[in-house]
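Novice: take a look and give me a structure for this.
(chains A and B)
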Amino acid sequence: MTGIAAEYMLEVREVTHTYAASRRWRRPAKQDNVLSGVSLHIEEGTCLGLLGSSGAGKSTLGRVILGLEPPRAGQVLIQGQDLYKLSPQARRTIRRDLQVVFQDCYSAVNPRMTAEQIIGEPLSNYESLSVQEQKRAVGELLECVGLSAEDMQKQPYQFSGGQLQRINIARAIALKPKLIVLDEAVSSLDMINGAKILRLLGELRAAFGLSYLFITHDIKAACMISDALAVMDQGKIVEYNDSKEQFLQSSHPAVRGLLDSMLAEHPRNRHRELPGLSDLSGDSAQ
Amino acid sequence: MNNLSSRFKGKRVIMICGSLLILFGLAGLLAPWISPHDPIRVNLAAKLSPPSWEYLLGTDQLGRDNLSRLLYGTRISLGFASLIFAASLGVGLLAGVVSGYSGGWLDAALMRLCDGIMSFPSMILVFGLIGILGPGLSQLVIALMLVQWVYFARMFRNMIVSLKERNFITAARISGSSPWQIMSRHLIPNILPSIVVIGTLEMGWAIMDISAMSFLGLGVQAPTPEWGAMLNEGKSFIRNHPELMLYPGLMIIMVVASFNLLGEALSERYGIKRGS
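Specialist: Numbers count the residues shown, from 1 in each chain, chains lettered A, B, ... in the order given. Below is the predicted model:
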């Protein structure tokens, strides 16, 4: 590893990305930058909440960080190593440290597989375990996420949304990764299940020393779990702050929009100028 | 209520057509043991004889037993239709999955090839290929296979493209699965049910094609018994002995109709549509 003094778990440097529109006859395609000059970093064991409205480029950034889409320009450094400049073998090794949990838990699992096969997939790809060992590992993972080892033979349609999201989390932690991208991981769940999953994620972070990139448009959920917050708007990071108090004072329209979209706990509070920190602490969502 | 009765009807169609086809399949398989006579032995003394205990469905213009020829014909029709189906399915599945999964120039090249083949009426293309390869059963199988695979390829490619967008494929990539593992573990198992449905419809087409080409003398050659060829041989006797055309015609209608009805019922039941 290179000897950079402060080596972040993840560092994104000036990443720019474009989806080329279909090329017109004799005219170069019009290019819209989905990401323009995005920089951020996540320290080991912390969680960065990445906020923004739909189309702000949050999920694209997630895909770039996961190594799924080489960006047009810029670097993605995982513990100081440039993800897109590694040899295929080295990249395969580093990729096991990067996992993902998607918003739509139903489409994130193959409908024809059992829970055992779903969670066992990364294990069978990276670890050479015997059948018995893998079965035991999957059982332990199921218990880690609050399900029972007896659920192993069930298929996705036999689980509820919250349970299925737990299966997705079990798959994501199967390889003991270092960074998990949570792409709207609780947005499709109801409040109660969402809060439970958030608490589970917090416990797992403590237990396995995980770092999270928590992509969401839900500012409450982001504040519950994150150590630092960033807001994206039209492909740029417009607000980036380690302190939630300062974050709440920000005057950028995108931040204000997110804050204004929050419903007050009681209608009589809805004209209050600013949501206080108490609204954003974990207690209210439980 | 309405929905219930139509579902029941669908189930009944599947039962009836399915058992009919199993019956035809058994008849073809067991033809050498259950046929009362040798289907190609000529017996001019008994030519064009009416049904009797000796010849249950009578004999043709060369004194060959009609029933035995029909049974052996089942063997040819179903056997070679399955062969065409299997071969074009294999090629089409491979091309479609590779094309849909890889995208890019390979996808574009394969799909333009499919466009090229599909832009000809398929019969004309089969004529052309037979013209190059010469008439005969194996040539016919090759020609039909070369024409049919594109429809499979196009369909599977479209299914793969829509499956590929689902998150579990991305999750599998992140889990470290190779493209080959993704295809065999995730993509192909998810399109298998539609293969059954498309397969039944395809079999009907293949049987029609074999019979049509044999009727024209471009497929199965005499004296091999085949329904289309039998229709062709019987057509000179249509005035006095219409049964020579009636029997093989009925067989074709029954088998093809069973396959098509079964395919329709299955696709309605499982919500799978044919074509791109």
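
Novice: please tell me how far A:Q103 sits from B:W53.
Specialist: Distance, A:Q103 to B:W53, by C-beta to C-beta, to the nearest Å: 74 Å. Placement of C-beta: from N, CA and C, glycine included.

Novice: kindly report the same for A:S36.
Specialist: Applying C-beta to C-beta to A:S36 and B:W53 gives a distance of 90 Å.

Novice: the two: who's more crowded?
Specialist: Using other C-beta atoms under 10 Å in any protein chain shown, the more surrounded residue of A:S36 and B:W53 is A:S36, with 19 against 6.

Novice: so the more buried one touches A:V238, yeah?
Specialist: No. Counting by C-beta atoms under 8 Å, A:S36 does not reach A:V238; the two are 11.5 Å apart.

Novice: counting neighbours, what do you get for the residue of the stretch 151-286 of chain A found nearest chain B?
Specialist: Minimum separation of the stretch 151-286 of chain A from chain B (C-beta to the nearest C-beta) falls at A:R171, amounting to 6.9 Å. By other C-beta under 10 Å, the residues close to A:R171 number 29.

Novice: again with B:A108
Specialist: Neighbour tally, B:A108, other C-beta under 10 Å: 11.

Novice: are the helix or strand it falls within and chain A in contact anywhere?
Specialist: Assigning secondary structure by DSSP states H and E places B:A108 in helix B:104-118. No. Using C-beta under 8 Å from any C-beta of the partner chain, helix B:104-118 stays clear of chain A, with a minimum separation of 13.3 Å.

Novice: next one: stretch B:182-200
Specialist: Yes. Stretch B:182-200 comes into contact with chain A (C-beta under 8 Å from any C-beta), by way of B:R185, B:H186, B:P189, B:N190.

Novice: by contact count, what packs against the helix or strand harbouring B:N260?
Specialist: Using DSSP H and E, B:N260 falls within helix B:243-270. If contacts are counted by 3 or more C-beta pairs under 8 Å, 6 or more residues apart in numbering or on different chains; DSSP states H and E, helix B:243-270 sits against helix B:2-29, helix B:66-102, helix B:188-215, helix B:227-234.

Novice: quick revisit: and whatever helix or strand comes next after the helix holding B:A108, what's buried?
Specialist: Next helix or strand after helix B:104-118 toward the C-terminus (DSSP H and E): helix B:122-133. By neighbour count on 16 or more other C-beta atoms under 10 Å in any protein chain shown, the buried set for helix B:122-133 is B:S122, B:L125, B:V126, B:F127, B:L129, B:I130.

Novice: can I get the CA coordinates of helix B:122-133 in PDB?
Specialist: The C-alpha coordinates for helix B:122-133 follow below in PDB (Å, rounded to 0.1, in the frame of the first residue of the first chain):
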ATOM      1  CA  SER B 122     -38.900 -18.400 -43.900                       C
ATOM      2  CA  MET B 123     -40.300 -20.900 -46.500                       C
ATOM      3  CA  ILE B 124     -38.400 -19.100 -49.300                       C
ATOM      4  CA  LEU B 125     -35.200 -19.400 -47.300                       C
ATOM      5  CA  VAL B 126     -35.800 -23.100 -46.700                       C
ATOM      6  CA  PHE B 127     -36.300 -23.600 -50.500                       C
ATOM      7  CA  GLY B 128     -33.100 -21.700 -51.100                       C
ATOM      8  CA  LEU B 129     -31.100 -23.800 -48.600                       C
ATOM      9  CA  ILE B 130     -32.600 -27.100 -49.900                       C
ATOM     10  CA  GLY B 131     -31.600 -25.900 -53.400                       C
ATOM     11  CA  ILE B 132     -28.000 -25.600 -52.200                       C
ATOM     12  CA  LEU B 133     -27.900 -28.700 -50.000                       C
END
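
Novice: next, count neighbours for A:S243.
Specialist: A:S243 has 11 neighbours, counted by other C-beta under 10 Å.

Novice: ugh, typo on my part, it should be B:W33
Specialist: The burial count for B:W33: 7, using other C-beta under 10 Å.

Novice: contacting residues for it?
Specialist: Listed by C-beta atoms under 8 Å, 6 or more residues apart in numbering or on different chains, B:W33 has no contact partners.

Novice: backbone dihedrals for it, please?
Specialist: Main-chain dihedrals, B:W33, degrees, to the nearest 10: phi -90, psi -30.

Novice: in chain A, which spans are strands?
Specialist: Assigned strands in chain A, in chain order: A:10-20, A:31-42, A:47-51, A:73-78, A:81-82, A:98-101, A:179-183, A:211-216, A:228-233, A:236-241 (criterion: DSSP state E).

Novice: with mean pLDDT and distance to B:S77 added, can I get these in TSV?
Specialist: As requested, the strands of chain A are exported to TSV (pLDDT from 0 to 100; distance: least, C-beta to C-beta, whole Å):
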stretch	mean pLDDT	distance to B:S77
strand A:10-20	85	52
strand A:31-42	84	56
strand A:47-51	90	63
strand A:73-78	88	60
strand A:81-82	87	62
strand A:98-101	92	52
strand A:179-183	92	54
strand A:211-216	92	58
strand A:228-233	88	64
strand A:236-241	84	67
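
Novice: could I get those as a markdown table with distance to chain B?
Specialist: Formatted as a markdown table, the strands of chain A follow (distance: least, C-beta to the nearest C-beta, whole Å):
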| stretch | distance to chain B |
| --- | --- |
| strand A:10-20 | 13 |
| strand A:31-42 | 17 |
| strand A:47-51 | 18 |
| strand A:73-78 | 14 |
| strand A:81-82 | 17 |
| strand A:98-101 | 5 |
| strand A:179-183 | 9 |
| strand A:211-216 | 14 |
| strand A:228-233 | 21 |
| strand A:236-241 | 24 |
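
Novice: report the separation between A:A73 and B:S19.
Specialist: The gap separating A:A73 from B:S19 is 65 Å, by C-beta to C-beta.

Novice: good, wrapping up.
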